[in-house]
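> this is a predicted model, with the sequence first.
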Amino acid sequence: QVHLVESGGGLVQAGGSLRLSCAASGRTFRSYVMGWFRQAPGKEREFVADISRSGSSTDYADSVKGRFTISRENAKDTVYLQMNSLQPEDTAVYYCAADNDLGYPPPRRPNVYDYWGQGTQVTVSS
């Protein structure tokens, strides 16, 4: 089992940047595939990015490709989401997710992940 805590959200102007962090508890962080999802008001939770256990492979939603970068530091039990060129449509609650049973790349669906953080709000003003 793993406990996830996101941080780094906030209010930023369009074109700005934020870096989200997700700190995981437990000694087996490196055994988890990690993902970032987001949910805007009135919308379903959607895939943003994921990263393999070693960090050598990543996958992105088309809407964020080229602007967002997912990375992880297994020594620090932390996964990051660097978000550049933010736009108002990126406004959402961002969640990190973990699962240790998934192959890579996993399906881009939230229901394949067993563990979730509480979320962090990202608001982009125009």
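Looks like it came in fine.

> my read: Asp51 touches Ser57, true?
Careful, residue 51 is Ile; it's not Asp. Yes. Using CB atoms under 8 Å, Ile51 is in contact with Ser57, at 7.1 Å. Placement of C-beta: from N, CA and C, glycine included.

> of these two, who's got more company?
Ile51 (24 against 12; other CB atoms under 10 Å).

> list the residues that contact that one.
By CB atoms under 8 Å, 6 or more residues apart in numbering, the contact set of Ile51 is Val33, Met34, Gly35, Ser57, Thr58, Asp59, Ile70, Ser71, Arg72, Val79.

> 7 Å instead, please
Counting by CB atoms under 7 Å, 6 or more residues apart in numbering, Ile51 touches Met34, Thr58, Ile70, Arg72, Val79.

> give me the distance between it and Val112.
Distance of Ile51 to Val112, computed by CB to CB, to the nearest Å: 15 Å.

> then Tyr94?
For Tyr94, the distance to Val112 equals 18 Å [CB to CB].

> in terms of neighbours, single out the busier of these two.
Counted by other CB under 10 Å, Tyr94 and Val112 do not tie: Tyr94 has more neighbours, with 23 against 14.

> hang on, the earlier thing: show only the entries of the contacts of Ile51 found in strands.
Secondary structure assignment by DSSP state E places Met34, Thr58, Ile70, Arg72, Val79 of the contacts of Ile51 in strands.

> can you name the residues bridging to the nearest residue to the first one once chain neighbours are set aside?
Among residues not flanking Met34 along the chain, Val79 sits closest, at 4.4 Å (CB to CB, 6 or more residues apart in numbering). With DSSP bridges applied, the residues forming beta bridges to Val79 are Cys22, Arg72.
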